[in-house]
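S.K.: sharing a sequence plus its predicted fold:
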2 protein chains.
Amino acid sequence: MNTRFAVATHIMAYLAHSAGQPVSSDVLAGSAGTHPVVVRRLLGTLRTAGLVRSQRGAGGGTLLARPPAAISLLDVYRAMQQAEPDLFQVGSTTPNHKCDLGRVMQLTLEGLFGPAIEAMCTALAAVSVAQLQQQLHQRLADCCSQSSA
Amino acid sequence: MNTRFAVATHIMAYLAHSAGQPVSSDVLAGSAGTHPVVVRRLLGTLRTAGLVRSQRGAGGGTLLARPPAAISLLDVYRAMQQAEPDLFQVGSTTPNHKCDLGRVMQLTLEGLFGPAIEAMCTALAAVSVAQLQQQLHQRLADCCSQSSA
DNA sequence: CAGGTAAGTAACAGTTTCGGTTACAAATGT
DNA sequence: ACATTTGTAACCGAAACTGTTACTTACCTG
């Protein structure tokens, strides 16, 4: 879940920016600095999650399936996760004891991380794609004056 | 940071359990279900962080450098991290634009994750190795009656 | 002093994961 | 038809991690 979430968020912000206009994977890849196929892979995941819609053929591309204010970063995060259920694996140690430390360790650590993960999810749920796009726009205006995206 | 933190925590709990008695890497590896050298690697990291002390030679082994109540899981977590500063990398996208979305995206995402990460650290800091060991002991008693560790 | 024990560490193999790339089929507008 | 763009499979190379072997160093004991 390292770069995928970042790139997916990048894509979502871009789609929110060009509201209604379908964007090609080439353009998105150019903006995110990766390969179009990688973008299409991520778009496939986002599409499965119901966050975007795509149109094939000439003049096609991808656009948001819902208004950006109705999509939270948690939605994006979850979409990226469900493709590969890493969430926040504490790590399986596979200890060989029948009932020794190891078996219980897993449960205990999960119990420990649970609240922390929930806090993170809450923070992500509080931000919509629209808000993110607005934040980015504002930061862009701050940092340099000639903006293009 | 997948299995290392789990195994390191396992080790710390074991060391807390056998208070004062040095434990060999063979025993620790047997309990954690891994190879002694792996354990020694982790112990090296923990030792660098000042959490454990080791004694070479016959009758040697490793023991906690501080009372288990004075070691938090955050200490362990940090020790494992500093060996490889992953903490919670949001992912570097390396977008090729001079001042486009990408540059600002990094900062914005970090700003978003910051509070969530802090919440996680707070949760980890609130639990000491002594508490963990006690929790494990209790769970062991619950789950099965014949305990050995 | 000799020998055994155990840590410290380097080096290497096997696996897995991930990102990038190529290639090709399917769909869609002009 | 034809160009464009998605959808998807397949493969490569790099990176990371775990496990393992091997060897050196240190320390205790008889």
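M.R.: Looks like it arrived, so ask away. What you see is a predicted model, and the numbers here were worked out from it, not measured in a lab.
S.K.: please, where are all the strands along chain A?
M.R.: Using DSSP state E, the strands of chain A run over A:52-55, A:61-64.
S.K.: would you list the phi and psi of the spatially closest residue to residue A:60 that is not a sequence neighbour?
M.R.: Excluding its sequence neighbours, the residue lying closest to residue A:60 (C-beta to C-beta, 6 or more residues apart in numbering or on different chains) is residue A:22, at 6.0 Å. In short, each C-beta sits where N, CA and C put it, glycine included. Dihedral pair for residue A:22: phi -60, psi 140, per degrees, to the nearest 10.
S.K.: so which residues of chain A form helices?
M.R.: Ranges of helices in chain A, per DSSP state H, are A:3-17, A:25-32, A:36-48, A:73-82, A:101-125, A:129-143.
S.K.: do the third one and chain B meet?
M.R.: Going back to what we said before, that points to helix A:36-48. No - using C-beta under 8 Å from any C-beta of the partner chain, helix A:36-48 stays clear of chain B, coming no nearer than 10.8 Å.
S.K.: mean neighbour count, the helices of chain A: which tops it?
M.R.: helix A:3-17 (a mean of 24; mean count of other C-beta atoms under 10 Å in any protein chain shown).
S.K.: report the distance from that one to the chain centre.
M.R.: 7 Å (C-alpha atoms, centre = their mean, to the nearest Å).
S.K.: repeat that for stretch A:105-123.
M.R.: 20 Å.
S.K.: for it, C-alpha coordinates in PDB please.
M.R.: Extracted C-alpha coordinates of stretch A:105-123, given in PDB (Å, rounded to 0.1, in the frame of the first residue of the first chain):
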ATOM      1  CA  MET A 105       0.700 -12.700  20.600                       C
ATOM      2  CA  GLN A 106      -1.100 -12.200  17.300                       C
ATOM      3  CA  LEU A 107      -4.500 -11.500  19.000                       C
ATOM      4  CA  THR A 108      -3.000  -9.200  21.500                       C
ATOM      5  CA  LEU A 109      -1.100  -7.100  19.000                       C
ATOM      6  CA  GLU A 110      -4.200  -6.900  16.800                       C
ATOM      7  CA  GLY A 111      -6.100  -5.700  19.800                       C
ATOM      8  CA  LEU A 112      -3.400  -3.100  20.400                       C
ATOM      9  CA  PHE A 113      -3.300  -1.800  16.900                       C
ATOM     10  CA  GLY A 114      -7.100  -1.900  16.400                       C
ATOM     11  CA  PRO A 115      -7.800   1.500  18.000                       C
ATOM     12  CA  ALA A 116      -4.900   3.100  16.200                       C
ATOM     13  CA  ILE A 117      -6.100   1.900  12.900                       C
ATOM     14  CA  GLU A 118      -9.600   3.100  13.600                       C
ATOM     15  CA  ALA A 119      -8.200   6.600  14.400                       C
ATOM     16  CA  MET A 120      -6.400   6.600  11.000                       C
ATOM     17  CA  CYS A 121      -9.600   5.600   9.200                       C
ATOM     18  CA  THR A 122     -11.500   8.300  11.000                       C
ATOM     19  CA  ALA A 123      -9.000  10.900   9.900                       C
END
